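Q: Any chance you can model this:
(chains A and B)
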Number of protein chains: 2
Amino acid sequence: MSHDGRVSTTDSPDTTGRRRGRRPAGQDTRTALVDAARAVFAENGYDGATVRSIATRAGVDAAMVNHWFGSKEGLFAKAVLQLPFDPMELQAEIRQGPDEEMGERIVRAFLTRWDGAGGDVFQALVRSITGHEQAGHALRDFFQKFFTALITSIGSDRIPLRMTLCASQLVGMGMIRYVAKFEPMAAAEIDTLVAAVAPNVQRYLTGEIG
Amino acid sequence: MSHDGRVSTTDSPDTTGRRRGRRPAGQDTRTALVDAARAVFAENGYDGATVRSIATRAGVDAAMVNHWFGSKEGLFAKAVLQLPFDPMELQAEIRQGPDEEMGERIVRAFLTRWDGAGGDVFQALVRSITGHEQAGHALRDFFQKFFTALITSIGSDRIPLRMTLCASQLVGMGMIRYVAKFEPMAAAEIDTLVAAVAPNVQRYLTGEIG
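A: Below you'll find the model as predicted:
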């Protein structure tokens, strides 16, 4: 929790790395945490990195991680992946509703957030997967946990395979819409893509997969 | 056609860029064509680049393009994308058989060829999409033609959208298996992935998509 009782998303850094409306001291702490997080996640992987070790490296109290990023997940998402949203908020939103419509909620949430962030952010994420082997390991751990938690909640069999199938469709949709920019997928309305893609994601979640 | 009546795939360059069992003169011609092709495709895009202009830039006869690469498609695939297979051969193979099993043929052909090439080749392709805006344009043209030709042959509606949907699933499967390497997709048997993914690709090809 921040001193005003919440971590406002409008306090996130803008694309130039500058912040809006925060005193420099807070900014310094946040920057130090981001730098420390990148180093510690790269050295120790996602599971091996602890909030305490990152705070120690940054020379700040561990409570500052929760203050600025909410959690280790949030720190990884913001600092390393530069995700334009809080992954735990997203997970809570997707779990809300009938299991047989989870595919639709996933596809809609994915498109809404990435559209809002602008394609460059997805492109940067892909670069971070392809560029650095260690960032890749941490990323894999992070996404596996994220999707596995979602899919476990609906009680399907073969969770790990279903998780990677869902990831393949979402990553591929992001590649075609935001990176390769194939038309008409690049400019399609979200509703059009939800209608086309969600049934396939739903099959990966709850259907017969062989 | 080459002087011995065929373009042997075993004459392809190995991964160090050296060639096996060819006289240096042929290698020089091929190298000059590859260099010229990269430049001309980058400058003029896929549609704007002609076989003649590439041969002229390389200082060789245009017939050498067909000799070494079979076609403009083959030159683009080998020189720019460094694809480990001939896209026209692949297209012919996929068209062979019932329309309602085309999804299975596509997924199996994709996995067989990329598995055979090794994951690094797919990773290099992704870098070429994410790295250079102009390579991205040419790549888009190439893939759109390739998939559009396949899907047009089965007479579905909404060809352009179906094309991008198929591309999203295949690119995503490649990203997860060869680049991000999420398990169990990275190590799964081809048959396992065909059973899981092919029905989704088939829906994109011939099913109701909204």
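Q: I'd assumed A:Q91 was in contact with A:L150.
A: Yes. With contact defined as CB atoms under 8 Å, A:L150 counts as touching A:Q91 (6.3 Å). All C-beta spots, glycine's among them, are computed from the backbone N, C-alpha and C.
Q: Pick out whichever of these two has more residues nearby.
A: Taking other CB atoms under 10 Å in any protein chain shown, A:L150 and A:Q91 do not tie; A:L150 has more neighbours (21 against 18).
Q: Helix, strand or coil: sort out that one for me.
A: Of the three states, A:L150 takes helix under DSSP: H, G, I helix; E, B strand; the rest coil.
Q: what does the helix or strand in which A:K145 is found rub up against?
A: Using DSSP states H and E, A:K145 falls within helix A:133-152. Applying CB atoms under 8 Å, 6 or more residues apart in numbering or on different chains, the external contacts of helix A:133-152 come out as A:41-43, A:45-47, A:49, A:73, A:76-77, A:80-81, A:87, A:91, A:94-95, A:102, A:106, A:128-130, A:159-160, A:162-163, A:166-167, A:205, B:179-182.
Q: go on, stretch A:44-55?
A: For stretch A:44-55, using CB under 8 Å, 6+ apart, the contacting residues are A:33, A:36-37, A:40-41, A:43, A:61-62, A:64-66, A:72, A:75-76, A:134, A:137-142, A:145.
Q: near chain B, anything from stretch A:93-102?
A: No. Judged by CB under 8 Å from any CB of the partner chain, stretch A:93-102 makes no contact with chain B; its nearest approach is 14.8 Å.
Q: how does chain A divide into domains?
A: Listed domain ranges for chain A are A:9-80, A:87-206 (source: automatic domain parsing).
Q: Report the mean per-residue pLDDT for the last one.
A: Confidence over domain A:87-206 (mean pLDDT, whole number) is 87.
Q: how much space between A:L81 and chain B?
A: For A:L81, the distance to chain B (CB to the nearest CB, to the nearest Å) stands at 12 Å.
Q: That residue reaches A:L125, doesn't it?
A: Yes. Under the criterion of CB under 8 Å, A:L81 makes contact with A:L125 at 5.9 Å.
Q: Packing partners of whichever helix or strand A:I106 is part of?
A: A:I106 belongs to helix A:102-117 when assigned by DSSP H and E. The contact analysis (3 or more CB pairs under 8 Å, 6 or more residues apart in numbering or on different chains; DSSP states H and E) places helix A:102-117 against helix A:87-95, helix A:159-174, helix A:190-206.
Q: Kindly provide the distance from A:Q91 to B:M185.
A: Using CB to CB, to the nearest Å, A:Q91 is found at 21 Å from B:M185.
Q: so who does A:G119 touch?
A: For A:G119, the contacting residues are A:R177, A:Y178, A:V179, A:K181, by CB under 8 Å, 6+ apart.
Q: burial measure for the last one, as a count.
A: To tie it back to what came earlier, the one meant is A:K181. A:K181 has 18 nearby residues by other CB under 10 Å.
Q: cool, and A:G48?
A: The number of residues packed near A:G48 is 13, by other CB under 10 Å.
Q: Tell me which residue in chain A sits closest to chain B.
A: Closest to chain B within chain A is A:G172: 2.2 Å, counting by CB to the nearest CB.
Q: Give the closest residue to that residue in space, chain neighbours not counted.
A: B:G172 (2.2 Å; CB to CB, 6 or more residues apart in numbering or on different chains).
Q: Isn't the one you found up against A:R177?
A: No. When contacts are counted by CB under 8 Å, B:G172 is not listed as touching A:R177 (11.3 Å).
Q: now the top helix by length along chain A, how far from the chain's geometric center?
A: Determined from DSSP state H, the single longest helix within chain A is helix A:24-48. Relative to its chain's centre, helix A:24-48 lies at 17 Å (CA atoms, centre = their mean, to the nearest Å).
Q: Quick check: mean pLDDT of that helix?
A: If you average the pLDDT values across helix A:24-48, you get 83.
Q: so how far is the helix holding A:I106 off the chain centroid?
A: Per CA atoms, centre = their mean, the centroid offset for helix A:102-117 relative to its chain is 12 Å.
Q: Mind listing what's buried along the host helix or strand of A:V126?
A: Element membership for A:V126 (DSSP H and E) is helix A:119-131. Judged by neighbour count (16 or more other CB atoms under 10 Å in any protein chain shown), helix A:119-131 contains these buried residues: A:V121, A:F122, A:Q123, A:L125, A:V126, A:R127, A:S128, A:I129, A:T130.
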